[in-house]
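Colleague: Below is the sequence, then the predicted model.
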Amino acid sequence: MRITAIRGFSDILPGEVEIWQAVEAKAREVFSAYNFSEIRIPILEKTELFSRSIGEATDIVEKEMYTFEDRDSRSADMSEATKLTLRPEGTAGVVRAYVESEMYKSEPARKLYYMGPMFRRERPQKGRMRQFHQIGAEALGRGDPFIDAEILLLLSDFFNAVGLTEPSLQLNSLGDSECRPKYREKLWAFLKEREESLCENCRRRIDRNPLRVLDCKEPGCIRATKDAPSILDWLCANCQEHFQTVQRLLRETNVQFTLNPRMVRGLDYYCRTTFEWTTTQLGSQSAVAAGGRYDGLVQELGGPAIPGVGFAMGVERLTMLLRTQEIAAANGPLCYVVWVGETARDWVFPLVHRLRQKGLSVEMEGEARSLKSQMRRADKLKAVSVLIVGDDELAKGKVVLRNMVTREQQEIRLDRIEAELTTRKAN
Ligand code: HAM
């Protein structure tokens with residue numbers, strides 16, 4: 001019986017993977033311009049890391065995490081958390097690594113980025129996977145609004161660099177520990193009065209996480225909360241000033257945005273600036289990238305009081321958007337070596353090895369095939385050029401090099417093969 005992949009987990013096959021590589025390469029380029037360094041963190045972490053940072057009363061922690069007991073948990077130190085979870089996002093792990101390695105001791109201000117798979121047991125649909133990939137960045141150690149704006153500019157530059165003009169930026173501020181509790185109380189009272197009109201899920205949320213009610217997609221809840229108090233009217237003076245500066249910096253750098261006071265995000269660590277870049281082309285899964293500020297998280301995870309701000313983008317969603325645009329056809333090998341006769345084959349095999357060692361992409365067959373069949377194969381592989389080596393050619397000391405695009409061919413001396421292919425690679 002055939003074994004298939006798990007629902008919501010997919011392969012990224014050749015043909016598709018090139019666009020992923022292009023996205024990753026562009027991201028690295030832009031990250032480097034903004035002076036971010038790469039960090040690689042484990043895929044598996046202690047469950048407690050996520051419940052403490054993302055929040056117990058969030059959808060992710062309540063129902064979407066892949067959590068299991070480690071095999072030897074019984075014999076392990078029981079004072080330690082024994083449950084493990086496949087990471088549903090990257091921020092918690094990056095902050096844990098920052099605290100654990102005491103990066104803040106030598107230099108608290110760190111700009112870090114990461115790429116890799118994340119896992120959430122959501123209902124799969126277009127743009128929503130159970131294993132998906134994020135490219136994310138975290139700027140730790142800076143509380144000023146300039147870094148919030150910098151993060152948004154980085155994203156805007158990245159979208160431009162990959163040729164996406166469509167995503168639009170929605171911006172909000174969630175206040176801080178001074179003003180948010182007051183807003184939360186106000187919202188709680190508002191929701192209590194309308195409890196009857198809310199869905200079952202939201203009724204449960206009123207006491208546990210009232211802000212999440214604003215994010216509910218149920219028509220009844222949208223109607224009932226239409227006139228809900230806006231967080232932006234409740235910001236304290238410091239949060240107000242921070243948010244105003246972020247907006248001013250975006251205006252000065254020509255980044256368009258709209259304010260959305262109902263955008264609350266699905267993770268609890270946020271404060272102040274939060275944002276989502278959305279598109280109309282992906283159906284209901286419209287967020288391509290999202291993030292915000294999380295000033296309490298480093299401390300929550302056992303470090304000093306150090307602020308942070310960051311984002312993550314969904315690579316599946318990005319590549320879906322890019323697929324709708326033109327992508328350069330992937331090239332095959334630089335050279336396909338056709339050989340005729342066993343002497344030629346034995347001469348070709350070490351040549352191919354030498355060329356590959358020089359970083360040239362070269363392919364050859366192992367079994368004898370007709371010249372015609374090998375030429376067909378070169379075409380199929382989209383080889384840029386073909387080198388034809390037969391016993392006669394070797395005796396003459398010259399081989400034929402054919403340009404598969406222009407169909408021109410020329411005779412070249414054996415000792416010129418590498419130089420000739422290197423020039424073609426450069427062009
Ligand atoms: P998030 O909004 O949960 O934030 O996810 C960020 C992005 O990951 C989403 O906008 C979306 O593009 C993609 N994404 C999320 N879930 C899925 C899924 N099931 N399938 C496909 N794509 C998905 C975070 O994860 C935060 N850690 C972002 C952050 C970094 N905030 C501060 N720093």
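Modeller: Sure thing, it's come through.
Colleague: residue ranges with poor pLDDT in the stretch 201-350 of the chain?
Modeller: Within the stretch 201-350 of the chain, the stretches with pLDDT under 70 are 324-330.
Colleague: what's the answer for the stretch 1-150 of the chain, then?
Modeller: Across the stretch 1-150 of the chain, the stretches falling below the confidence threshold (pLDDT under 70) are 73-81.
Colleague: How about the residues of it by the ligand?
Modeller: If contact is defined as C-beta under 6 Å from any ligand atom, the residues of the stretch 1-150 of the chain in contact with the ligand are 89-91, 120, 122, 127-129, 132, 134, 136, 138. All C-beta spots, glycine's among them, are computed from the backbone N, C-alpha and C.
Colleague: Any residues of the stretch 151-300 of the chain in contact with the ligand? List them.
Modeller: Residues of the stretch 151-300 of the chain found near the ligand (C-beta under 6 Å from any ligand atom) are 266-267, 287-292, 294.
Colleague: Filter those residues down to the ones in strands?
Modeller: Counted as lying in strands by DSSP state E, out of these, are 287-292.
Colleague: now the nearest residue to residue 136 once chain neighbours are set aside, what's its secondary structure?
Modeller: Spatial nearest neighbour of residue 136, excluding adjacent residues (C-beta to C-beta, 6 or more residues apart in numbering): residue 312 at 3.4 Å. Following DSSP: H, G, I helix; E, B strand; the rest coil, the label given to residue 312 is strand.
Colleague: Could you pull out the buried residues of stretch 8-17?
Modeller: For stretch 8-17, burial by neighbour count (16 or more other C-beta atoms under 10 Å) applies to residue 8.
Colleague: Contacts for it, please.
Modeller: Identification of contacts with stretch 8-17 by C-beta atoms under 8 Å, 6 or more residues apart in numbering yields 5, 20, 121-122, 124, 129-131, 319, 330.
Colleague: Pull out the buried residues from the residues you listed.
Modeller: Among the contacts of stretch 8-17, those that count as buried by neighbour count (16+ other C-beta under 10 Å) are 20, 121-122, 129-131, 319.
Colleague: Tell me which two in the residues you listed are the farthest apart.
Modeller: Based on C-beta to C-beta, the longest span within the buried ones among the contacts of stretch 8-17 runs between 20 and 121 and measures 23.2 Å.
Colleague: Export the ones in strands among the residues of the stretch 151-300 of the chain next to the ligand to JSON lines and append columns for distance to residue 217.
Modeller: What follows is those, written out as JSON lines (distance: C-beta to C-beta, whole Å):
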{"residue": "287", "distance to residue 217": "13"}
{"residue": "288", "distance to residue 217": "18"}
{"residue": "289", "distance to residue 217": "20"}
{"residue": "290", "distance to residue 217": "16"}
{"residue": "291", "distance to residue 217": "21"}
{"residue": "292", "distance to residue 217": "20"}
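Colleague: which two in those residues are spaced the farthest apart?
Modeller: With distance counted by C-beta to C-beta, no two of those lie farther apart than 288 and 292, which are 15.1 Å apart.
Colleague: Residue of this protein nearest the ligand, please.
Modeller: Closest contact between the chain and the ligand, by C-beta to the nearest ligand atom, is at residue 314 (2.4 Å).
Colleague: right, and that residue touches residue 133 too?
Modeller: Yes. Using C-beta atoms under 8 Å, residue 314 makes contact with residue 133 at a distance of 7.3 Å.
Colleague: and the stretch 301-427 of the chain, which of its residues are near the ligand?
Modeller: Applying C-beta under 6 Å from any ligand atom, one finds that the stretch 301-427 of the chain approaches the ligand through 310-314, 316-317.
Colleague: ok so, going back, pick out whichever of the buried ones among the contacts of stretch 8-17 sits closest to residue 195.
Modeller: Among those, residue 122 lies closest to residue 195 (C-beta to C-beta), at 26.9 Å.
Colleague: In contact with that closest one, which residues?
Modeller: 8, 64, 128, 130.
Colleague: Residue 199 too?
Modeller: Applying C-beta under 8 Å, 6+ apart, one finds that residue 199 lies in contact with 216, 218, 220-221.
Colleague: Show me which pair in the residues you listed is furthest apart.
Modeller: Distances among those were taken as C-beta to C-beta; the most separated pair is 216 and 220, at 8.7 Å.
Colleague: Among those two, which residue is more densely surrounded?
Modeller: Under the neighbour definition other C-beta atoms under 10 Å, residue 216 and residue 220 were set side by side, and residue 216 has more, 17 against 14.
Colleague: Leaving out chain neighbours, which residue sits closest to that one?
Modeller: Distances taken as C-beta to C-beta, 6+ apart put residue 202 closest to residue 216, at 5.2 Å, once the chain neighbours are dropped.
Colleague: and the helix or strand where the one you found lies, C-alpha only, in PDB?
Modeller: When elements are defined using DSSP states H and E, residue 202 is found to belong to helix 200-208. As requested, the backbone C-alpha atoms of helix 200-208 are provided in PDB (Å, rounded to 0.1, in the frame of the first residue of the first chain):
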ATOM      1  CA  GLU A 200     -20.300  30.300  22.100                       C
ATOM      2  CA  ASN A 201     -16.600  30.600  21.500                       C
ATOM      3  CA  CYS A 202     -16.700  34.400  22.200                       C
ATOM      4  CA  ARG A 203     -18.900  34.000  25.300                       C
ATOM      5  CA  ARG A 204     -16.100  31.900  26.700                       C
ATOM      6  CA  ARG A 205     -13.500  34.500  25.600                       C
ATOM      7  CA  ILE A 206     -15.200  37.400  27.400                       C
ATOM      8  CA  ASP A 207     -13.500  36.600  30.700                       C
ATOM      9  CA  ARG A 208     -10.400  34.900  29.500                       C
END
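Colleague: tell me which strands and helices it is in contact with?
Modeller: For helix 200-208, the helices and strands in contact under the criterion 3 or more C-beta pairs under 8 Å, 6 or more residues apart in numbering; DSSP states H and E are helix 180-193.
Colleague: any idea how far the helix it packs on is from the chain center?
Modeller: Averaging C-alpha coordinates over helix 180-193 and over its chain gives two centres that are 35 Å apart (C-alpha atoms, centre = their mean, to the nearest Å).
Colleague: how about that helix: buried residues?
Modeller: Neighbour counts using 16+ other C-beta under 10 Å place 180, 183-184, 186-187, 190-191 of helix 180-193 among the buried residues.
Colleague: Same question for stretch 143-151.
Modeller: Result for stretch 143-151 [16+ other C-beta under 10 Å]: buried residues 145, 147-151.
Colleague: Now residue 134, what are its backbone angles?
Modeller: Residue 134 adopts backbone torsions of phi -120, psi 150, taken as degrees, to the nearest 10.
Colleague: pretty sure it contacts residue 120?
Modeller: No. With contact taken as C-beta under 8 Å, residue 134 and residue 120 are classed as non-touching, separated by 10.8 Å.
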